[in-house]
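> the sequence and its predicted three-dimensional model are supplied below.
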Amino acid sequence: MNNRAIAALCVGLTASLSAASEEAAVQPGYLERIDPAIDLLISPDARIEVIGSGFAWSEGPVWRKQGGYLLFSDIPNNTIYRWKEGEGLSVFLRPSGFTEDNPFGLELGSNALTFDLQGRLVIDDQGNRRVVRLNEKGFTKTVLADRYEGKRLNSPNDLVYRSNGDLYFTDPPYGLRGLNDNPHKELKFNGVFRLDAKGKLTPIIRDLTFPNGVAFSPDERILYIQVSDPKNAVWMAYDVLADGTVARGRVFFDANALVQAGKQGLPDGMKVDQKGNIFGGGPGGVLVLSPDGRHLGTIVTGQVTSNCAFGDDGSTLYMTANHYVMRIRLKTKGVGF
């Protein structure tokens, strides 16, 4: 989701900034401890580090183990960046999304990124209203999904693979100017879709206002969806059935009190650690939620925070937060490490 419309001025963090002239503008972030159990996941003396700055709206981070580097989107600038320790920042793909005239909205570039089971980069090509796989040898794109029953998708936002090769993604209207009122919006719902390994596209959730972040529990029995609705800011949980559909949707965590308290941001993008704890962009920074839905604490970034990804050996959390990319060392590891 693009939370830039509600972004406040930088109150920022400690840091090794990409531009030294900005260093004076950044102040330390901190860990807000709500439950003592947070100390099992993040050391009380852990520090947030800024590794890049100057972006219009950073989103969709993913860590590539083979090569050891981070990829992330800058949606308005239509760019995917690459960051590697010791090498710094470089352009990986530009344009990352829309390349034609007369865009449907201001969000031209890619959004969330992930890798399929073969290690190929898969992109929510938000500006082009589709999900694509990148051929990195020629930097061409293979379209995986762009229509349902002949109607164009809204603007795919976040995505995650299941271990059987099924891809799940959210399709809110954030890439459309005017959102639900855009005359080019063809679907009557903002859905969550499943693209099975054979290429069949099926909507599995149709009744959420603004579905955004998506993730599985470590055993893949629960599908989590973040809803970035300022009137109903929640994390939802669904049981995953044998056929890949979902049932028994329920509120996993209610963030409305945080929104009403004036915390910046809305539920956006998330990742899950090996023990089932959820790290997700939300009101105040990156919220840390236990597997039973308790709010253990918040990594306060001082920015409207979109998303996060585990990297390095799995114990570093990389966070995309407005104009910045940040990281913090953890005592836990992400799923897949």
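Perfect, I can see it now.
> how about the helices of the stretch 201-337 of the chain, start to end?
256-260 (DSSP state H, counting those that start in this stretch).
> can you show me the strands along it?
Ranges of strands in the stretch 201-337 of the chain, per DSSP state E, counting those that start in this stretch, are 201-205, 211-216, 222-229, 232-240, 246-254, 270-272, 278-282, 285-289, 295-300, 305-311, 316-321, 324-329.
> the shortest one: partners in the sheet, and parallel or antiparallel?
Yep, that's strand 270-272 we're talking about. strand 278-282 (antiparallel) (DSSP bridges).
> ok, residues contacting the partner strand?
213, 215, 224, 226, 233, 235, 255, 258, 265-273, 286-289, 291, 298-299, 305-308, 317, 319-321 (CB atoms under 8 Å, 6 or more residues apart in numbering). For the C-beta atoms, the positions are set from N, CA and C on the backbone; glycine is no exception.
> just the buried ones among these, please.
Buried residues within these, counting neighbours by 16 or more other CB atoms under 10 Å: 213, 215, 224, 226, 233, 235, 255, 258, 265-273, 286-289, 298-299, 305-308, 317, 319-321.
> quick one: closest of the strands of the stretch 201-337 of the chain to Asn190.
Ranking the strands of the stretch 201-337 of the chain by proximity to Asn190 (CB to CB) places strand 211-216 first, at 6.0 Å.
> which elements pack onto the closest one?
Using 3 or more CB pairs under 8 Å, 6 or more residues apart in numbering; DSSP states H and E, the elements in contact with strand 211-216 are strand 159-161, strand 167-171, strand 191-195, strand 222-229, strand 270-272, strand 278-282.
> of those, which is nearest Trp63?
Closest among those, using CB to CB: strand 270-272, at 9.8 Å.
> what lies in contact with the closest one?
With CB under 8 Å, 6+ apart as the test, strand 270-272 has contacts from 213-218, 224, 226, 235, 278-281, 307-310, 317, 334-335.
> switch the cut-off to 6 Å
The contact list for strand 270-272 (CB atoms under 6 Å, 6 or more residues apart in numbering) reads Gly213, Ala215, Ile278, Phe279, Gly280, Cys308, Ala309, Phe310, Gly334, Val335.
> quick one: buried ones out of these?
Gly213, Ala215, Ile278, Phe279, Gly280, Cys308, Ala309, Phe310, Gly334, Val335.
> and which of these is nearest to Val122?
Checking the buried ones among the contacts of strand 270-272 against Val122 with CB to CB, the nearest one is Ala309 at 14.1 Å.
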